[in-house]
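In: Build me a model from this:
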Amino acid sequence: MRIVATSDTHEKHSGLTVPDGDVFIHAGDFTMIGEPDQVRSFNAWLRRLPHKYKIVIAGNHDRSFEVPDADQAALIAYGQMQLSNATHYLCASGCEIEGKTFWGSPYTPFFSSDYWKFHYDPAQIGTWDRIPEKLDVLITHGPARNHLDKTVEGDNAGCYDLFRRIREMIYSDVAPRFHVFGHIHEAYGRKEIGDCTTLLNVSAVDRLYRLRENPCVEFEI
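Out: Sure thing, here's the model as predicted:
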């Protein structure tokens, strides 16, 4: 199964050259601030992609996708309604496609400002404890701490609790095969953890919101 993944397109989706594949993944921040016209534009573009399956999660910039006081089922239903051309909209939830397992979450620790959404307190919601074992692809908007998460200021902006969960899964031999994320634009790249998990920061733009030369990453599962 060929996967094509990107993230953080921030309304620049029409400028992407998207390779063909079986599954297209977008790991959040497809808009700048989640305005309806931005969502409609992305949804129309999503419809035109040839991939049989499309998986989307939101990011902190996709503000309209966080519904106050909504439970996870309501968030998923709302997201799927907004992105009717996504085969699966994931919000701390998973799906199975032709025997391959995926789980995605938009949540990140507090970052920059209360204006952005899907911030969380791990002590309250235990987001990462719900990640299933032996996934084929884990999709989160942000990175784990110290793994493709360094900002231009030199800070590691990834989530420690996500790192803790992945480390536990590696030690127990139940880690995901791939972890796809974005959020920290300047930390784009690939990293292997031992021989079990491949980490992919697939941010399509750099820190100045300029599209990369190769904004989509391809891999096989």
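
In: wouldn't residue 221 be in contact with residue 180 here?
Out: No - using Cβ atoms under 8 Å, residue 221 makes no contact with residue 180, being 11.0 Å away. Glycine gets a C-beta too; all of them are placed from N, C-alpha and C.

In: shared neighbours of the two, anything?
Out: residue 137 (Cβ atoms under 8 Å, 6 or more residues apart in numbering).

In: got the contact list for the residue nearest to the spatial centre of the chain?
Out: Centroid-nearest residue in the chain: residue 27, 2.4 Å away (criterion: Cα atoms, centre = their mean). Going by Cβ under 8 Å, 6+ apart, residue 27 touches 5-8, 57, 59, 104, 139-141, 180-182, 202.

In: Residue 74 is in what secondary structure piece?
Out: Taking DSSP states H and E as the criterion, the element that holds residue 74 is helix 72-82.

In: Now tell me what touches the next helix or strand after that helix from outside.
Out: On the C-terminal side of helix 72-82, the closest following helix or strand by DSSP H and E is strand 88-89. With Cβ under 8 Å, 6+ apart as the test, strand 88-89 has contacts from 53-57, 76, 79-80, 82-83, 95, 97, 102.

In: Please name the residues that touch residue 165.
Out: 128, 129, 131.

In: give me the low-pLDDT residue ranges for the protein?
Out: 110-117, 119, 121-126 (pLDDT under 70).

In: before we move on, what SS does the residue nearest to residue 20 when sequence neighbours are not counted have?
Out: Distances taken as Cβ to Cβ, 6 or more residues apart in numbering put residue 50 closest to residue 20, at 5.8 Å, once the chain neighbours are dropped. Here residue 50 is recorded as coil under DSSP: H, G, I helix; E, B strand; the rest coil.

In: Which parts of the chain are strands?
Out: 2-6, 23-26, 53-56, 88-89, 93-97, 100-105, 137-140, 178-181, 189-193, 197-201, 217-220 (DSSP state E).

In: Mind listing the strands the second one pairs with, and their directions?
Out: Sheet pairing here is set by DSSP bridges, and for strand 23-26 it gives strand 2-6 (parallel), strand 53-56 (parallel).

In: In a markdown table: these, plus mean neighbour count and distance to residue 161.
Out: Shown next, in a markdown table, are the strands paired with strand 23-26 (neighbours: other Cβ atoms under 10 Å; distance: least, Cβ to Cβ, whole Å):
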| stretch | mean neighbour count | distance to residue 161 |
| --- | --- | --- |
| strand 2-6 | 21 | 23 |
| strand 53-56 | 23 | 23 |
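
In: Any chance of the ones you listed in JSON lines with distance to residue 152 as columns?
Out: Compiled in JSON lines, the strands paired with strand 23-26 are given as follows (distance: least, Cβ to Cβ, whole Å):
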{"stretch": "strand 2-6", "distance to residue 152": "21"}
{"stretch": "strand 53-56", "distance to residue 152": "27"}
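
In: Quick one: closest of these to residue 173.
Out: Residue 173 lies closest, by Cβ to Cβ, to one member of the strands paired with strand 23-26: strand 2-6, at 22.6 Å.

In: what's the angle from the closest one to strand 197-201?
Out: Orientation of strand 2-6 against strand 197-201 (axes from the mean of the first three to the mean of the last three Cα atoms, to 10 degrees) gives an angle of 40 degrees.

In: what's the offset of strand 2-6 from the middle of its chain?
Out: Centroid separation for strand 2-6 versus its chain: 12 Å, with Cα atoms, centre = their mean, to the nearest Å.

In: Cool, thanks, talk later.
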